[in-house]
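Student: could you work out the structure for the sequence below:
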Amino acid sequence: MAGLEFDRNEIYELIDKIIERTMRMDMNWDWPCGVAYYGISRAYETTGNEKYLNLMKDRVDEYMELGLPGWTVNTCAMGHCLITLYESTGEERYWETAMKKAEYLRKDALRFGDSVLQHTVSQNNDFPEQAWADTLFMAAFFLLRVGVKLKSEDIIHDALNQWYWHIRYLQDAESGLWYHGYDNLAKNHMSGFYWARANAWAAYTMAQVGIVLPECYLYPEYLDIVGSSNEQLEALKLLQTENGLWRTILDDEESYEEVSASFGIAAAMLVRGNPLHIKYINRFIRGVRENISADGRVMNVSGGTAVMKDREGYRRISKDWIQGWGQGLALVFYSDLLDSDKHRCDGAL
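Tutor: Numbering: from 1, shown residues only. Got it, this is the predicted structure:
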């Protein structure tokens with residue numbers, strides 16, 4: 001995308017440092033690792049650096065030998081790297097494990113209403129009939145990739161149905177922003193805040209639908225996704241701080257700037273390819289750099305966050321520690337930045 005201001009050599013160096021630091025983390029088979037390894041997968045696909053693939057392969061092989069956990073929406077996030085490993089190595093065991101995840105989501109995962117996936121973090125019924133934006137990355141995006149690979153219209157429509165209903169449950173029609181969660185039993189958004197990382201999960205995955213799904217314009221649900229994405233991004237650009245980042249509660253000036261959400265939102269802008277977003281992306285590129293340490297740690301990333309009870313609950317989530325989702329979303333953004341000449345404005349129908 002013309003007009004982006006960055007040094008390609010610096011980005012390659014950043015990717016290398018972030019991956020090296022990520023591989024020192026003792027993450028298990030769950031969503032933090034799933035997001036981190038999706039980022040490494042994107043870095044491998046963009047750079048072609050076999051070192052990244054081999055590092056990830058060795059760790060995933062170790063996990064598989066130790067034994068995998070029961071499936072939840074969150075553990076299905078590891079399916080993204082399994083797809084990359086299968087496509088790159090041809091080893092069937094990666095695809096077989098990915099298919100077990102897809103089968104769980106299709107047949108066994110808790111659902112409510114119009115077949116909407118309930119967000120699950122364990123094998124218990126933790127959040128009855130709750131829809132969280134996180135599910136779009138952990139499960140819907142993964143299902144879409146599987147459906148496209150299998151050329152299964154049933155799976156593709158199931159995945160698109162998740163966006164269709166999450167848009168209706170979670171996006172505020174007036175502001176264009178997304179709530180963190182929706183409680184179908186109480187018929188409310190619980191604490192009702194516009195949490196930044198929820199908006200990042202929504203923004204990034206909606207941007208990816210037009211990239212992943214062939215002839216996306218032939219699917220009526222896709223037009224809803226484009227409309228939702230357009231309204232969300234036009235709202236988000238106005239909430240960017242002077243430092244080029246976004247706050248953990250987007251419209252709360254007393255909330256801290258949160259780096260993982262900022263990477264996800266900026267990546268969505270990159271992928272959508274709207275030239276009117278270039279100045280916001282460039283501001284982000286300049287501002288986020290100081291949040292990456294010399295050894296590749298992505299800093300100022302909030303910890304894992306449930307739908308909190310009140311504003312202070314979000315404001316007080318610690319951002320002191322390295323997190324897999326921070327590492328992964330940084331790699332996603334920088335990989336997309338290197339690939340920015342390939343992106344198209346898929347919403348211009």
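
Student: hmm, Asn125 and Leu110 touching each other?
Tutor: Yes - applying C-beta atoms under 8 Å, one finds Leu110 in contact with Asn125, separated by 6.5 Å. Bear in mind the C-beta positions are built from the backbone N, C-alpha and C, glycine included.

Student: the two: which is more packed in?
Tutor: More neighbours surround Leu110 than the other of Leu110 and Asn125, with 17 against 10 (other C-beta atoms under 10 Å).

Student: which residue ranges form the helices in the chain?
Tutor: In the chain, the helices defined using DSSP state H lie at 8-22, 31-47, 50-66, 79-89, 92-103, 134-135, 141-150, 153-170, 196-212, 220-236, 259-272, 278-288, 311-315, 324-338.

Student: ok, which of the ones you listed comes nearest Glu242?
Tutor: Evaluated with C-beta to C-beta, the helices of the chain place helix 278-288 nearest to Glu242, the distance being 8.1 Å.

Student: how much space between Thr135 and Cys81?
Tutor: Distance of Thr135 to Cys81, given as C-beta to C-beta, to the nearest Å: 18 Å.

Student: that should have said Gly264, apologies.
Tutor: Taking C-beta to C-beta, one finds Gly264 at 17 Å from Cys81.

Student: the two: which is more packed in?
Tutor: Neighbours were counted for Gly264 and for Cys81 using other C-beta under 10 Å; Gly264 has more, 31 against 28.

Student: find the nearest non-adjacent residue to the more buried one, please.
Tutor: Closest residue to Gly264 apart from its sequence neighbours, by C-beta to C-beta, 6 or more residues apart in numbering: Ala200 at 2.8 Å.

Student: report the contact partners of that neighbour.
Tutor: By C-beta atoms under 8 Å, 6 or more residues apart in numbering, the residues touching Ala200 are Ser260, Ala261, Ser262, Phe263, Gly264, Ile265, Ala268, Leu329.

Student: quick check, pLDDT for the residue nearest to the second one when sequence neighbours are not counted.
Tutor: The shortest distance from Ala261 to any non-neighbouring residue, by C-beta to C-beta, 6+ apart, is to Ala196 (3.5 Å). Ala196 carries a pLDDT score of 98 in this model.

Student: check contacts around Gly313.
Tutor: Residues near Gly313 by C-beta under 8 Å, 6+ apart: Ser191.

Student: with Val146 instead?
Tutor: Listed by C-beta under 8 Å, 6+ apart, the contact partners of Val146 are Gly79, Ile83, Ala98, Met99, Ala102, Ser152, Ile155.

Student: pLDDT, distance to Asp30 and neighbour count added to these, as CSV?
Tutor: Listed next are those as CSV, based on pLDDT from 0 to 100; distance: C-beta to C-beta, whole Å; neighbours: other C-beta atoms under 10 Å:
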residue, pLDDT, distance to Asp30, neighbour count
Gly79, 98, 12, 27
Ile83, 98, 17, 18
Ala98, 98, 16, 23
Met99, 98, 19, 16
Ala102, 98, 18, 25
Ser152, 98, 26, 16
Ile155, 98, 23, 20
